[in-house]
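Peer 1: When you get a sec, could you give me coordinates for this:
(2 chains)
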Number of protein chains: 2
Amino acid sequence: MKKRNTHTKDEALVADWQGVKRIFISTEDDASKAALVKYMQQILFGLHEFLKQNVGITEEISLSDLSERFTETLISQNPEKKLASVIRDLIKDIAPNAVNIASPYFIGHMASAIPFFMVHLKTIITALNQNVVKLETSKVVSIVEKQVIAKIHRLIYKKSESFYKEHVQNSKTALGSFTEGGTTANITALWVARNAMLVPTQGCEGVEKEGIQAAYQAYDIERLVILVSRLGHYSLKKAGGLLGIGNQNIIAIDVDADNRIDIDHLLETIKDIKNNHKKTKILAVVGIAGTTETGTVDPLKKLGKICAENRIHFHVDAAWGGPTLMSEKYRHLLGGIELADSVTIDGHKQFYMPMSCGMVYFKNPEIMDAIAYHANYVNRPGSVDLGIKSLAGSREANSLILDSALKIMGTNGYALLIDHGIETARSFASEIERRNNFQLITPPELNILTYRICPTHLKEELSKNDPDQKTRINKRLNEINTTVQRIQREAGCSFVSRTILKPPAMPEHESVVLRCVLMNPMTNMTILKEILDEQEEIYMSCFN
Amino acid sequence: MKKRNTHTKDEALVADWQGVKRIFISTEDDASKAALVKYMQQILFGLHEFLKQNVGITEEISLSDLSERFTETLISQNPEKKLASVIRDLIKDIAPNAVNIASPYFIGHMASAIPFFMVHLKTIITALNQNVVKLETSKVVSIVEKQVIAKIHRLIYKKSESFYKEHVQNSKTALGSFTEGGTTANITALWVARNAMLVPTQGCEGVEKEGIQAAYQAYDIERLVILVSRLGHYSLKKAGGLLGIGNQNIIAIDVDADNRIDIDHLLETIKDIKNNHKKTKILAVVGIAGTTETGTVDPLKKLGKICAENRIHFHVDAAWGGPTLMSEKYRHLLGGIELADSVTIDGHKQFYMPMSCGMVYFKNPEIMDAIAYHANYVNRPGSVDLGIKSLAGSREANSLILDSALKIMGTNGYALLIDHGIETARSFASEIERRNNFQLITPPELNILTYRICPTHLKEELSKNDPDQKTRINKRLNEINTTVQRIQREAGCSFVSRTILKPPAMPEHESVVLRCVLMNPMTNMTILKEILDEQEEIYMSCFN
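Peer 2: Prediction:
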């Protein structure tokens, strides 16, 4: 064998049976163990220092330069590197070019620092490597999952003690399910709703068995629609496409000046469908508890009442806002969520769990029967196998992480985080309004707000009633904000995101806005002021 | 505040802001850090000893007794326990009642020990906590994911160097996608196939946009069907239900004496549909590379040829068998997989990754456009955002684990594991045939086999041509095997699973069989003989 001398490959590594067997058990040698111990100690017991020192710290490398380094597509036959080298590469080469979402200056997306113990919990889950698809590969872990599902269900629905006694460990009923994320939670909710609507009837054994075409025919339907405000998450459209009802049938309802679903428009739409489109049926109305772009909450009580009156499945997408229920101070913002037939909540958002964990809950403990699947080797009818009523098959036991976190934090601990986010967002909004160069676009209801750079002289121009002028200035502002956001991101110190909204004040104009999500407890007003300062500086130097 | 003294709750823990902020950063005190260091050291550097000592070692507790301990459904307001107590509970209370799937005596399911370094890798992924739905929360990690997808694509399809040069980092094309598991991989493949078949046409903007009803009408279709052997995974039925084509339209094709799809029956079915059911179209034919129950591989070359001739989407479910491609010795068993339009492979099966990781691959780098979704704040058209073409939204970066594992093991390292599994299964089959009390039902093609307890005198009875007698004995054998499997499982030393098959020798009888999956490199013939010995003992003591 020819010896090669390169800095990327350890020399002469050959896979042999003893080596492979050993690699299940322990490190190759003491030196590599020492290296691993050092890294693991840094990660597990100095997580934030580790992230600060190692992640996202490089000079900005252009995407195309970075891409060019990852183009080899042949898998090496023999081991390329020893374990310790691979780990070192991850930390010295990959991490610096990843994104330090744990930084308190990273306020652009629904991701932030997570408590360091979450990494410990994930490590344990991984070591146990249980598969909750079935009891035979998880046992007590499936039982804990049923318990934590009941806990969150109770947080949402507040049913009686006897209700939970009956269902918490009931192998025949299901209060909800863990999912990969909010997208699959929304898909699951609408899948259940579709099947619960198009149940077996005369001449058709139901939509799940016979398909959309046969079920529509049996029910004399031409079209199913789902109604949601135009700020609904794009996963709802994906669900519409996937489920065979068509993503154009996710109907966008206008929002009011506070970015909440326009109830009048909703009622008109329902009425119009009922009166003028006899063969169109409403599969569900979706209320949002924390829209992705503005963090606003739809009037859930009103939506619940409308759905009950019209016998429509009411789904609440609380992927973002759900954990607000743990805050005594702010849970009233989600009032009415208990009327929902189904609710989506994400674990990796405001439960501060690691990527990725979603959940879906149902008011009716029997409704998930509509998606039950069995097989001879697993998921036998009547068993506790959680895979029976689930979009996914094999799944890791993320429920253990949430269960542990709830014990460590208590609802009060989580409430402190929730309250801090909401109140920091309010202070930040005031600061934005105080500054002449900025314009607050959507004030925070929860902990998300949007604004844009808009210096006083342009604000004045916009206030004049000249449509062409307005369009021209808005376009100019879009360029300014797009550029400033990009330059700030590339500078690498801080990150806000951008999106496109139709501001309530000028609904006819698609406006580029800067979007901030305040969830990191280390983010404070000093940092937020620095972020605004930097944006002003970039604006001044580029556009003046 | 009343002081309480219970063994389950730490006393007087109150959530306060300093405490919560600190918990993002470090442990409460030195004593709890010391406890954590100890546990983490055991997990990270003595994984198999840790699992042996802590997991699944209790006396069998009945499920109902266990369930009774997990019925509290109110989340505590204040922290219930300190971090170190929660971790201790996980290890001392949960782990003993979980399943030690890492034991070499656990040969019942597609799960086994994983290399200890997988836990290190998952720990690092969790610490970085990147979200590959978009570049802004993952950067280089999305680029690595594209690279590893190309690597596995190349393992399957062996296209030219220039093909991979063009696509490996191409932001417009996609060679595949990571998924939560095999189920969502199969769903994704069939979703893509459905949309690629029912593309926009005159009078309809395609099935994804307008739904099944409108698309069927435009294409003059009444029914879409998917053909797969009756040993197909239940996720295919789930996909049929979810996608709106109906799970009864997943048509089960007979298998031959070797448990492979019966090609004649398949051809007849295709012919019958074409000739007699003008409004039924075949959406896909699915070939299986490693059936869940018997580990057999369908004749992929023949299937590929049939699909090409009939212009049918050819999907291969290689969730189990895919990694066999890394074995020079046995990759020929999967010959023809390169003809597939789409392929499912699981990471948490024979890539020995932790729960859970699936993948789906496509021959045509543009076909995933059929499921593309965009949003203003992420996944903008033309970006590298991996969430554009994906069933899931937010996702963790499991691709980094696979990429690292491939470097550490090389294909040769994996091949040693694959070869060991196949060869151990063969030796085990011989041992089963040597023993009078057993009957081999399906010999291993890959590393899965089934057999049953069937003592000589019953074998002789079965060989007589008396149908009633056969039925009676088969029923008796079903009781025996169900009982022995259950008692062995409950005894807690070893685990084989059971399923129901129609053995080729007596296809009219549903027979309970014992099923073994040989993938743990620590499982050897000594252990396998012990498992058979125990079954014989249980049989003797219960049925003689």
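
Peer 1: Which residue is the nearest non-sequential neighbour of A:Leu501?
Peer 2: Excluding the flanking residues, the one nearest A:Leu501 by Cβ to Cβ, 6 or more residues apart in numbering or on different chains is A:Val513, at 5.2 Å. From N, CA and C alone the C-beta is placed, and that goes for glycine too.

Peer 1: tell me the SS of the one you found?
Peer 2: strand (DSSP: H, G, I helix; E, B strand; the rest coil).

Peer 1: Beta-bridge partners for it, please?
Peer 2: Per DSSP bridges, the residues bridged to A:Val513 are A:Thr499.

Peer 1: Could you double-check that it sits in contact with A:Ser497?
Peer 2: No - using Cβ atoms under 8 Å, A:Val513 makes no contact with A:Ser497, being 9.5 Å away.

Peer 1: which one of the two has more residues nearby?
Peer 2: Just comparing A:Val513 and A:Ser497: by other Cβ atoms under 10 Å in any protein chain shown the higher neighbour count belongs to A:Val513, 29 against 23.

Peer 1: ok, the more buried one to A:Ile401 distance?
Peer 2: Distance of A:Val513 to A:Ile401, given as Cβ to Cβ, to the nearest Å: 34 Å.

Peer 1: and the closest residue to chain B within chain A, what does it touch?
Peer 2: Chain B sits closest to A:Gly244 of chain A, with a gap of 2.0 Å, by Cβ to the nearest Cβ. For A:Gly244, the contacting residues are A:211-212, B:207, B:211-212, B:243-245, by Cβ atoms under 8 Å, 6 or more residues apart in numbering or on different chains.

Peer 1: One more: A:Gly387?
Peer 2: Applying Cβ under 8 Å, 6+ apart, we find A:Gly387 in contact with A:132-134, A:373, A:378-379, A:393-395.

Peer 1: then the strand or helix carrying A:Leu462 to PDB, C-alphas only?
Peer 2: Secondary structure from DSSP states H and E places A:Leu462 in helix A:456-463. What follows is helix A:456-463, C-alpha atoms only, in PDB (Å, rounded to 0.1, in the frame of the first residue of the first chain):
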ATOM      1  CA  THR A 456     -37.700  60.900   9.000                       C
ATOM      2  CA  HIS A 457     -37.600  62.600   5.600                       C
ATOM      3  CA  LEU A 458     -39.000  59.500   3.900                       C
ATOM      4  CA  LYS A 459     -41.600  59.000   6.600                       C
ATOM      5  CA  GLU A 460     -42.800  62.500   5.800                       C
ATOM      6  CA  GLU A 461     -42.900  61.800   2.000                       C
ATOM      7  CA  LEU A 462     -44.900  58.600   2.700                       C
ATOM      8  CA  SER A 463     -47.500  60.400   4.700                       C
END
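
Peer 1: Average pLDDT for the helix or strand following that helix, rounded please.
Peer 2: As assigned by DSSP H and E, the chain's next helix or strand after helix A:456-463 is helix A:467-491. Helix A:467-491 shows a mean pLDDT of 94 in the predicted model.

Peer 1: Specify the angle between helix A:467-491 and helix A:456-463 in degrees.
Peer 2: 140 degrees (axes from the mean of the first three to the mean of the last three Cα atoms, to 10 degrees).

Peer 1: In terms of secondary structure, what does helix A:467-491 contact?
Peer 2: Packed against helix A:467-491, as judged by 3 or more Cβ pairs under 8 Å, 6 or more residues apart in numbering or on different chains; DSSP states H and E, are the following elements: strand A:448-453, helix A:456-463, strand A:497-501, strand A:511-517, helix A:525-543.

Peer 1: ok now the fourth one, how far from the chain's centre?
Peer 2: What that stands for is strand A:511-517. Chain-centre distance of strand A:511-517: 18 Å, with Cα atoms, centre = their mean, to the nearest Å.

Peer 1: If you count neighbours, what's buried in that strand?
Peer 2: Using 16 or more other Cβ atoms under 10 Å in any protein chain shown as the test for burial, strand A:511-517 gives A:511-517.

Peer 1: which one of the residues you listed sits closest to A:Gly232?
Peer 2: Nearest to A:Gly232 out of the buried residues of strand A:511-517 is A:Arg515 (Cβ to Cβ; 16.4 Å).

Peer 1: my read: the closest one touches A:Met110, true?
Peer 2: No - using Cβ under 8 Å, A:Arg515 is not in contact with A:Met110, being 10.2 Å away.

Peer 1: moving C-terminal of the longest helix seen in chain A, what's the next helix or strand?
Peer 2: Longest helix in chain A, counting residues (DSSP state H): helix A:398-434. Heading C-terminal from helix A:398-434, the first helix or strand you meet, by DSSP H and E, is strand A:438-442.

Peer 1: quick one: average confidence on that following strand?
Peer 2: Computed over strand A:438-442, the mean pLDDT rounds to 97.

Peer 1: quick revisit: now the residue of chain A closest to chain B: closest residue in space, sequence neighbours ignored.
Peer 2: Nearest to A:Gly244 is B:Gly244, by Cβ to Cβ, 6+ apart, at 2.0 Å.

Peer 1: distance of A:Leu391 from B:Ser383?
Peer 2: Separation of A:Leu391 from B:Ser383 (Cβ to Cβ) stands at 27 Å.

Peer 1: I misspoke; the intended subject was A:Glu60.
Peer 2: Counting by Cβ to Cβ, the gap from A:Glu60 to B:Ser383 is 17 Å.

Peer 1: what about the two, which has more around it?
Peer 2: Ranked by neighbour count (other Cβ under 10 Å), A:Glu60 and B:Ser383 place B:Ser383 first, with 17 against 12.

Peer 1: surely the more buried one meets B:Leu135?
Peer 2: Yes - with contact defined as Cβ under 8 Å, B:Ser383 counts as touching B:Leu135 (6.4 Å).

Peer 1: how many neighbours does the nearest residue to A:Lys158 once chain neighbours are set aside have?
Peer 2: Distance criterion Cβ to Cβ, 6+ apart; nearest residue to A:Lys158, sequence neighbours excluded, is A:Glu338 at 6.1 Å. Neighbourhood size, A:Glu338 [other Cβ under 10 Å]: 17.

Peer 1: again with A:Arg472
Peer 2: A:Arg472 has 12 neighbours, counted by other Cβ under 10 Å.

Peer 1: returning to that earlier point: make JSON lines out of the helices and strands packed on helix A:467-491 and add distance to A:Lys301 and mean pLDDT.
Peer 2: Below are these laid out as JSON lines (distance: least, Cβ to Cβ, whole Å; pLDDT from 0 to 100):
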{"stretch": "strand A:448-453", "distance to A:Lys301": "22", "mean pLDDT": "98"}
{"stretch": "helix A:456-463", "distance to A:Lys301": "36", "mean pLDDT": "93"}
{"stretch": "strand A:497-501", "distance to A:Lys301": "26", "mean pLDDT": "94"}
{"stretch": "strand A:511-517", "distance to A:Lys301": "26", "mean pLDDT": "97"}
{"stretch": "helix A:525-543", "distance to A:Lys301": "33", "mean pLDDT": "97"}
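
Peer 1: Domain map for chain A?
Peer 2: Annotated domains of chain A cover A:1-99, A:130-395, A:411-543 [automatic domain parsing].

Peer 1: looking at the ones you listed, which is closest to B:Asp264?
Peer 2: Nearest to B:Asp264, of all the domains of chain A, is domain A:130-395, at 25.3 Å by Cβ to Cβ.

Peer 1: what's the longest strand along chain A packed up against?
Peer 2: In chain A, assigned by DSSP state E, the strand with the most residues is strand A:280-288. When contacts are defined as 3+ Cβ pairs under 8 Å, 6+ apart, strand A:280-288 packs onto helix A:182-197, strand A:223-229, helix A:263-276, helix A:300-310, strand A:313-317.

Peer 1: how far off strand A:448-453 does the longest helix of chain A point, in degrees?
Peer 2: Angle, helix A:398-434 to strand A:448-453, by the same axes, to 10 degrees: 40 degrees.
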